[in-house]
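Colleague: no sequence on this one, just coordinates:
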């Protein structure tokens, strides 16, 4: 919940050296937005390991915000953190059905690999045709 809170709701990141808001909570509250960008707010570098254990405030202004170096950096750090979470299954995004599938059986993994193999073959042929 803390990762969601400090990214999707109250996320900050740098862009061209300036701090920008991307969190919905910041973008929908002028007072919170101005406070977050003031020198009164505590701003820390975005680190999912730290963010997951940091308490948040849902009744008043946030006592702290986490700033990513840029949006891609935040995305990469979240992906790396998520990869470390131990779980008894894996997930696979299926762009054809626009859904997430649970890879909890060898048959499902084989099917996904087969689909990827066909897609890669099609992309390779398209590249050859362009050459």
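Modeller: The structure has been received and is ready for your questions. Since we're looking at a predicted model, the values are computed, not measured.
Colleague: use CA for all of it now, contacts and neighbours both
Modeller: Noted.
Colleague: please, where are all the strands along the protein?
Modeller: With DSSP state E, the ranges of strands along the chain come out as 12-15, 18-21, 42-45, 64-68, 90-94, 99-103.
Colleague: surely residue 99 and residue 91 touch.
Modeller: No: proximity of residue 99 to residue 91 does not meet the contact threshold set by Cα atoms under 8 Å, at 10.2 Å.
Colleague: which one of the strands of the chain lies nearest to residue 3?
Modeller: Proximity to residue 3 (Cα to Cα) singles out strand 64-68 among the strands of the chain, at 10.0 Å.
Colleague: for the closest one, the averaged confidence score.
Modeller: Confidence for strand 64-68, expressed as mean pLDDT, is 95.
Colleague: that strand: partners in the sheet, and parallel or antiparallel?
Modeller: Here strand 64-68 is paired, per DSSP bridges, with strand 12-15 (parallel), strand 42-45 (parallel).
Colleague: most packed of the ones you listed?
Modeller: Counting by mean count of other Cα atoms under 10 Å, strand 12-15 has the highest mean neighbour count of those, with a mean of 20.
Colleague: for the nearest residue to residue 99 once chain neighbours are set aside, grab the count of nearby residues.
Modeller: Leaving out its chain neighbours, the residue that sits closest to residue 99 by Cα to Cα, 6 or more residues apart in numbering is residue 93, at 5.9 Å. When counting by other Cα atoms under 10 Å, one arrives at 12 neighbours for residue 93.
Colleague: contact partners for residue 64?
Modeller: 41, 42, 43, 44 (Cα atoms under 8 Å, 6 or more residues apart in numbering).
Colleague: what about residue 123, how many neighbours?
Modeller: Residue 123 has 12 neighbouring residues, counting by other Cα under 10 Å.
Colleague: next one: it relative to residue 72, how far apart?
Modeller: Residue 123 sits 25 Å away from residue 72, going by Cα to Cα, to the nearest Å.
Colleague: then residue 125?
Modeller: Taking Cα to Cα, one finds residue 125 at 30 Å from residue 72.
Colleague: go on, residue 17?
Modeller: Residue 17 sits 14 Å away from residue 72, taking Cα to Cα as the criterion.
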